[in-house]
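K.L.:
Fold the following and give me the result.
(chains A, B and C)
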Amino acid sequence: MDNEKCKMKNEKKEISLKEICEYLGIECPKTDKKITGINTLQDAGESEISFLENKKYEKFLSHTKAAAVLIRKEDVSKLPEGVIPLITEEPYLKLALLTKLFAFSPWEEGGYQINKGAKVDSSVRIGKGARIGKNVTVMPNTVIGPYVEIDEGSVIYPNVTIYRDTKIGKNVIIHGGSVIGSDGFGYAHTKDGKHVKIYHLGRVVIEDEVEIGANTTVDRAVFGETRIKKGSKIDNLVQIGHNCEIGENTILVSQVGLSGSSKLGQNVIMGGQSATAGHLEIAPFTTIAARGGVTKSIKTPGVYGGFPLMPHTSWLKLQAILSKILKKNNG
Amino acid sequence: MDNEKCKMKNEKKEISLKEICEYLGIECPKTDKKITGINTLQDAGESEISFLENKKYEKFLSHTKAAAVLIRKEDVSKLPEGVIPLITEEPYLKLALLTKLFAFSPWEEGGYQINKGAKVDSSVRIGKGARIGKNVTVMPNTVIGPYVEIDEGSVIYPNVTIYRDTKIGKNVIIHGGSVIGSDGFGYAHTKDGKHVKIYHLGRVVIEDEVEIGANTTVDRAVFGETRIKKGSKIDNLVQIGHNCEIGENTILVSQVGLSGSSKLGQNVIMGGQSATAGHLEIAPFTTIAARGGVTKSIKTPGVYGGFPLMPHTSWLKLQAILSKILKKNNG
Amino acid sequence: MDNEKCKMKNEKKEISLKEICEYLGIECPKTDKKITGINTLQDAGESEISFLENKKYEKFLSHTKAAAVLIRKEDVSKLPEGVIPLITEEPYLKLALLTKLFAFSPWEEGGYQINKGAKVDSSVRIGKGARIGKNVTVMPNTVIGPYVEIDEGSVIYPNVTIYRDTKIGKNVIIHGGSVIGSDGFGYAHTKDGKHVKIYHLGRVVIEDEVEIGANTTVDRAVFGETRIKKGSKIDNLVQIGHNCEIGENTILVSQVGLSGSSKLGQNVIMGGQSATAGHLEIAPFTTIAARGGVTKSIKTPGVYGGFPLMPHTSWLKLQAILSKILKKNNG
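P.N.:
All right, here's what the predicted structure looks like:
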């Protein structure tokens, strides 16, 4: 696939700050600034809006390049010069509402590109601007969303759903029924206990030589990317949350569940039904035994198991101790 | 969608009691009664059949409105006057066999209704009598079963399967690959260890503003409804068994499993991979930590975890104690 | 379906040993032998290649009927006369590479057979050589792979994916979104931590009267069969690994995970979210409680639970003891 020649781009939205403020019911600063997206304080570009809800992220305020920031009144003074404050008592809730404004339609019809040697079944539905690379196989009743790219030699089995903007590398295999790029599980909560959907504006990137089993789900990022790196192998019925980063040659056995923003190093192995809590890192070459529940970052590679997690040898020892206790009680 | 104008109704079956008895090989009372369905002793109407297998439900016998009841000889005297006994030594097994007689075809072709502003992809298959509301979006290769109703503004992603009779409210979102309304996991068992399928005659109702993730499964009710109430949010790869009732604004994180007839109050939160045993209730505003296994009803709201379930603080304490025991043993 | 009249056969590949050796970069013995497949030492026929990686299987060397064996130099002398040694320091890795050569295309167009009374929706895609039996129902957007056989009276719901060569018996029910026959999760590993896919050359066989729930996955065998025996009932979101054998009338509740080569006897019951490690057997009439983790073979039928697994009564006792310990510590 010649990327140079393929100019069908997923255009960005451009919305005036004025319109945004009106939509959110926030006082409007005098500006004709145009906004093209939403991002975190760290990653926001000069035409993007960001937000500060959690004090934990306050440290990123001073260096943010964001055009404007949804922020509480008391924090406004911490903003760098030139960054426009959008004052609200509920920055995260306003952010959630705003995501809807920047979300693209999940399905659009229009021209797409199928390259030489690709075998795409007649029943496959392909969205606008998608690019199917050379010698790619797409089997029946699979759905390829708008602006999806699938690179050379990849094989997509039947009944797969690939959401818009997903990028799939070379020689990737995706088995039947898997769903790639669905919205992550993220909501802001109102005071009366309702949940306001955060539309997920990021995407999924699957690098070369990755294999994904049947009926597995990979959620797109809120902003930025969920990324599965080169050579990783993922079994059936695995859940990969939004903004996860899976290192190269990682192995995820069936029914593993990764919470959002889990970051696995290369050659991590996670056994069947093991899981992670969110926002943690696992060191390269770490093995999590089946059913292991990772609740905090692992900095030292090794074999771990149990829930809460411990070195696997400790877990085995603990089970032996419990067995002894049981026997003493005539169990 | 104008419900008043839409008169395509899913007609009920009407089968004579005589025919039913012949089909089941049960002695036939003299009557020309017509039967229109099957139900529990509590809920059966005057043209429905019910059954008594388990002594636990005997208390409902005296007030049942059922036309006839599958019942053991020794229990016949407890039936109220006018209710016809259908005498058998295996009421539950006969019930299972009978469900097949009342089951509708899961797929039927015929007229359906698509309302103004709805965007339904050309590859979507729609069964007889279905109604797609105003401004509903249905994406490619999704299948909408007979007599399904989808109300205004809902969005159904690709490759979703919605079984017949399912009712979906306003502004519902269902992600790719999910299956709504499949038969619950229910069988009667013969003396020689075979399993006789109970055809599920109930349906699934999903109320307004619910979001359901990718590759999640929601089973229809045996009789009556499986119901997901307003504003609930359900993640990927979640299993919701037959006859569950999910309260308003409840949150079910990925890979949760709810056994049949679990009843969750409003604003319950269940963490990833947590689960319930069947036929229990969880009080409103209860949180179950990830992996929590709920084996009996929770009457006091709070945060619970572990398997078997306990207050989450107790679980944390228990883990600390176990860790100490392990250390004492040089683990 | 008249099997006698149906001569559309899935032809075997025939590749010369010379070509195979060149492909693998192995020294080529002088022979014009043709090879038709790959198999284990025990099961290999006279035109098949086998391999010896693990000393555990050395005992099968002396009786193997294989035409040739991928084997380390030091083990060559143990081969029976007439069996050709294919000498390599990495037999398993070479085997993995070789599977690709023998893998058939997962999707082929061509003639297929639909028998009398079968109702196959117009949107169903059927591969070459498939046979749909009498009175079979196949609902919309399901995909039936090449050379799949579905016998009389079976019902396949929408959006199901059935991979090539799968054999489905009489009166089988498969619910929406399930994937039958996907490649198992098997890789050989290179010294630098990459994973080489083992193409799965076996198939799935589902016997009569089996019911499979929604979004369940059943992997095909590496060689030989994954088999689900007569009358077994499998719930939603269950994972069945490659080369499993599920005994008659077995019950697998939702979210069960069976690792590869698990062998369950008849009338086994596995509760929700329970699981097996691979290569083990469970005695007939055994019950595994919900969440039970089976890590070694069970020879004595009974009710087991916990992880690691123990008699369920012991597990209950252990929980009671832990509860007491907790109370003593003011938990």
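K.L.:
Assign residue A:313 to helix, strand or coil.
P.N.:
Secondary structure, DSSP: H, G, I helix; E, B strand; the rest coil: residue A:313 is helix.
K.L.:
Over to the one 3 residues further on?
P.N.:
Per three-state DSSP, the local secondary structure of residue A:316 is helix.
K.L.:
Give me the nearest residue to it, chain neighbours excluded.
P.N.:
In this structure, residue A:316 finds its nearest non-sequential neighbour in residue A:305, 7.9 Å apart by CB to CB, 6 or more residues apart in numbering or on different chains. All C-beta spots, glycine's among them, are computed from the backbone N, C-alpha and C.
K.L.:
Tell me what that neighbour is bridged to.
P.N.:
residue A:310 (DSSP bridges).
K.L.:
For it, which residues are in contact?
P.N.:
For residue A:305, the contacting residues are A:288, A:289, A:290, A:291, A:292, A:311, A:312, A:315, A:316, by CB atoms under 8 Å, 6 or more residues apart in numbering or on different chains.
K.L.:
how much space between the nearest residue to residue A:299 once chain neighbours are set aside and chain B?
P.N.:
Excluding its sequence neighbours, the residue lying closest to residue A:299 (CB to CB, 6+ apart) is residue A:283, at 5.6 Å. From residue A:283 across to chain B, the span is 21 Å (CB to the nearest CB, to the nearest Å).
K.L.:
do the same with residue A:189
P.N.:
Counting by CB to the nearest CB, the gap from residue A:189 to chain B is 9 Å.
K.L.:
Quick check, that residue in contact with residue A:96.
P.N.:
No - applying CB atoms under 8 Å as the test, residue A:189 and residue A:96 come out as separate, 9.0 Å apart.
K.L.:
between the two, which one's more packed in?
P.N.:
In this view residue A:189 and residue A:96 are compared by other CB atoms under 10 Å in any protein chain shown, and residue A:96 has more residues nearby, 21 against 16.
K.L.:
Now that one: which helix or strand?
P.N.:
For residue A:96, the host element (DSSP states H and E) is helix A:91-102.
K.L.:
So which elements touch that helix?
P.N.:
When contacts are defined as 3 or more CB pairs under 8 Å, 6 or more residues apart in numbering or on different chains; DSSP states H and E, helix A:91-102 packs onto helix A:17-24, strand A:37-38, strand A:48-51, strand A:68-71, strand A:187-189, strand A:195-197.
K.L.:
any chance of these in a markdown table, plus distance to residue A:271 and mean pLDDT?
P.N.:
Shown next, in a markdown table, are these (distance: least, CB to CB, whole Å; pLDDT from 0 to 100):
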| stretch | distance to residue A:271 | mean pLDDT |
| --- | --- | --- |
| helix A:17-24 | 45 | 96 |
| strand A:37-38 | 37 | 96 |
| strand A:48-51 | 38 | 97 |
| strand A:68-71 | 41 | 97 |
| strand A:187-189 | 30 | 97 |
| strand A:195-197 | 33 | 98 |
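K.L.:
Pass me the low-pLDDT residue ranges in the stretch 1-150 of chain A, would you?
P.N.:
Low-confidence regions of the stretch 1-150 of chain A, defined by pLDDT under 70, span residues A:1-11.
K.L.:
Next to chain C, which bits of it? Give me the list.
P.N.:
Contact residues (CB under 8 Å from any CB of the partner chain) of the stretch 1-150 of chain A with chain C: A:119, A:121, A:123, A:137, A:139, A:140, A:141.
K.L.:
quick one: the fifth one from chain B, how far?
P.N.:
Going back to what we said before, that points to residue A:139. Computed as CB to the nearest CB, the residue A:139 to chain B distance reads 12 Å.
K.L.:
That residue contacts residue A:173, doesn't it?
P.N.:
No - using CB under 8 Å, residue A:139 makes no contact with residue A:173, being 11.2 Å away.
K.L.:
Looking at the two, which one has more neighbours?
P.N.:
Neighbour count, other CB under 10 Å: between residue A:139 and residue A:173, residue A:139 has more, with 26 against 19.
K.L.:
Please list all residues in contact with that one.
P.N.:
By CB under 8 Å, 6+ apart, the residues touching residue A:139 are A:121, A:124, A:155, A:156, A:157, A:158, C:106, C:107, C:143.
K.L.:
The same query, at a cut-off of 6 Å, please.
P.N.:
By CB atoms under 6 Å, 6 or more residues apart in numbering or on different chains, the contact set of residue A:139 is A:121, A:157, A:158, C:107.
K.L.:
Now the two most distant members of the residues you listed.
P.N.:
Across these, the longest distance by CB to CB is 10.8 Å; it joins A:121 and A:157.
K.L.:
Just the helices from the stretch 201-331 of chain A, written as ranges.
P.N.:
Ranges of helices in the stretch 201-331 of chain A, per DSSP state H, counting those that start in this stretch, are A:312-328.
K.L.:
Might you list the low-confidence residue ranges for it?
P.N.:
Residues of the stretch 201-331 of chain A meeting the criterion pLDDT under 70: A:331.
K.L.:
circling back to that earlier point, which of residue A:121 and residue A:157 has more residues huddled nearby?
P.N.:
Per other CB under 10 Å, whichever of residue A:121 and residue A:157 has more neighbours is residue A:157, with 29 against 17.
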